[in-house]
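> curious how this folds, go ahead:
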Amino acid sequence: MGINRKYKDRIFCMLFGYTKYKKNLLELFNALNGTNYEDENELEINTIEDTIYMGMKNDVSCIIQSNMAMYEQQSTWNPNMPLRGILYSARLFSKYIKANKLNIYSEKLIKIPTPQYYVLYNGKRKIKDKVILRLSDAFSALQNEGQFEWTATVLNINKGHNEELLSKCQILKEYVILIDRINENQKKYDSVEEAVENAVSYCIKNNILQDFLTEHKAEVIMSLLTEYDEEETMGYVRRDAYRDGEKAGIEQGLKQGEMLMLISMVNKKMQKGKSIEEIAEDLEEDRETIEKIVKIIEENGHDINAEKVYEMIKGK
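Just a heads-up that it's a prediction; the model follows:
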């Protein structure tokens with residue numbers, strides 16, 4: 001049973017991936033490409049919704065003027081972004097070919113949108129303003145010069161980086177301010193809740209993403225809390241997932257990793273006094289699964305580790 005993310009998209013996805021905010025995505029595309037498109041109706045959002053492939057999901061993708069742009073926002077460093085990008089682009093191209101009824105077996109060369117893949121990074125690792133990750137670095141055998149390549153362009157959007165880009169995309173700049181404010185607040189407040197709620201209130205008061213935050217305040221706060229909960233637990237989740245993957249197969253390892261994350265998040269919410277119903281709603285999980293986890297934690301105490309809870313659930 002994985003974590004269901006249908007209800008709460010990440011803030012980046014909401015700002016740039018929702019149809020009602022198409023103008024934000026158009027502004028981002030223009031800023032990254034030095035273009036000045038004005039008609040948001042020329043832009044088609046083609047993100048593959050509700051699809052997680054090998055544990056990953058693209059944030060936002062679109063087609064405009066024969067260009068297919070894919071954007072990821074990442075707070076954790078991942079050298080495998082080129083591989084993730086090419087896998088996701090293959091699904092997008094398959095979708096495009098089917099929608100336009102193109103015949104890839106035709107003797108005539110078919111035309112497809114030109115792809116671009118950007119990763120907007122705001123994690124704690126210190127990196128340059130721009131880093132190019134190459135798929136060829138992952139190739140097991142050396143290839144001759146000029147052979148196949150696919151890249152992920154990673155742009156550091158932390159405070160003090162890529163200021164020219166941020167000056168061209170006001171929404172992205174304000175998003176960066178919001179996240180930076182949360183990170184700074186975490187140094188001052190005892191809980192993530194206080195850090196997030198204070199940052200959101202500060203931004204609304206100071207006309208930063210004001211309309212967006214005012215309209216979606218409750219959803220934004222819940223989404224941010226979920227993001228930070230996930231980020232806190234992902235370190236050991238990845239380790240355990242891949243360790244167990246070596247023994248039982250990568251797919252099984254990833255499933256266990258998702259379950260370990262869920263257990264950890266349930267434990268945290270229990271300690272905050274939330275009921276089974278509230279936890280199930282927050283995490284968009286079925287009540288039965290949450291109830292099993294809660295019962296084991298109640299019987300063994302909050303100090304029980306996620307791996308032990310997982311083993312006990314499997315044994316029932």
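> can you find the helix or strand in the protein with the smallest mean pLDDT?
Scoring the helices and strands of the chain by mean pLDDT, DSSP states H and E places helix 217-248 at the bottom, with a mean of 62.
> walk me through the domains of this structure.
According to automatic domain parsing, the chain comprises the domains 1-168, 174-215, 216-316.
> rank these by pLDDT, which is bottom?
Per-stretch mean pLDDT for these is lowest at domain 216-316 (a mean of 74).
> with mean neighbour count added, can I get the domains of the chain in JSON lines?
All C-beta atoms are positioned from the backbone trio N, CA, C, and that covers glycine. As requested, the domains of the chain are exported to JSON lines (neighbours: other Cβ atoms under 10 Å):
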{"stretch": "domain 1-168", "mean neighbour count": "15"}
{"stretch": "domain 174-215", "mean neighbour count": "17"}
{"stretch": "domain 216-316", "mean neighbour count": "16"}
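> which residues are contacting stretch 290-304?
262-263, 266-267, 270-271, 276, 279-280, 283, 308-309, 312-313, 316 (Cβ atoms under 8 Å, 6 or more residues apart in numbering).
> cool, and stretch 149-158?
Contacts of stretch 149-158 (Cβ under 8 Å, 6+ apart): 74, 81-82, 84-86, 116-123, 127-136, 162, 165-166, 172, 176, 180.
> out of these, which sit inside helices?
Here DSSP state H is the test, and the contacts of stretch 149-158 give 81-82, 84-86, 165-166, 172, 176, 180 as lying in helices.
> which pair of these spans the longest distance?
Greatest spacing in the ones in helices among the contacts of stretch 149-158, by Cβ to Cβ: 86 and 180 (31.2 Å).
> SS state for the most far-flung residue of the chain relative to its centre?
Distance from the C-alpha centroid of the chain peaks at residue 107, with 39.6 Å (Cα atoms, centre = their mean). Following DSSP: H, G, I helix; E, B strand; the rest coil, residue 107 is assigned to coil.
> how about the strands of this structure, start to end?
44-45, 60-64, 67-74, 114-121, 130-134, 151-156 (DSSP state E).
> how far is the last one from where the chain is centred?
For strand 151-156, the gap between its own C-alpha mean and the chain's C-alpha mean amounts to 15 Å (Cα atoms, centre = their mean, to the nearest Å).
> same thing with the shortest one?
The chain centroid and the centroid of strand 44-45 are separated by 19 Å, computed with Cα atoms, centre = their mean.
> which residues does it contact?
Strand 44-45 is contacted by residues 17, 19, 22, 25, 60-64 when judged by Cβ under 8 Å, 6+ apart.
> for those, which one is nearest residue 148?
When the contacts of strand 44-45 are ranked by distance to residue 148 (Cβ to Cβ), residue 61 comes first, at 21.6 Å.
> list the beta-bridge partners for the closest one.
Per DSSP bridges, the residues bridged to residue 61 are residue 70.
> make CSV out of the strands of the chain and add distance to residue 188.
Shown next, in CSV, are the strands of the chain (distance: least, Cβ to Cβ, whole Å):
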stretch, distance to residue 188
strand 44-45, 37
strand 60-64, 32
strand 67-74, 25
strand 114-121, 24
strand 130-134, 31
strand 151-156, 24
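> to residue 12, which of those lies closest?
Of the strands of the chain, nearest to residue 12 by Cβ to Cβ is strand 67-74, at 3.9 Å.
> mind giving me the packing neighbours of that closest one?
Applying 3 or more Cβ pairs under 8 Å, 6 or more residues apart in numbering; DSSP states H and E, we find strand 67-74 packed against helix 22-33, strand 60-64, helix 81-99, strand 114-121.
> any chance of the contacts of strand 44-45 in a markdown table, plus distance to residue 39?
Shown next, in a markdown table, are the contacts of strand 44-45 (distance: Cβ to Cβ, whole Å):
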| residue | distance to residue 39 |
| --- | --- |
| 17 | 19 |
| 19 | 15 |
| 22 | 10 |
| 25 | 13 |
| 60 | 19 |
| 61 | 19 |
| 62 | 13 |
| 63 | 14 |
| 64 | 10 |
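> and of these, the nearest to residue 195?
For the contacts of strand 44-45, the nearest to residue 195 is residue 17 (24.8 Å; Cβ to Cβ).
> list the contacts of the nearest residue to that closest one once chain neighbours are set aside.
Closest residue to residue 17 apart from its sequence neighbours, by Cβ to Cβ, 6 or more residues apart in numbering: residue 60 at 4.2 Å. By Cβ under 8 Å, 6+ apart, the contact list for residue 60 reads 12-13, 16-17, 25, 45, 47, 70-71.
> repeat for residue 200
Residue 200 sits next to 178, 213, 217, 220-221, 224 when contact means Cβ under 8 Å, 6+ apart.
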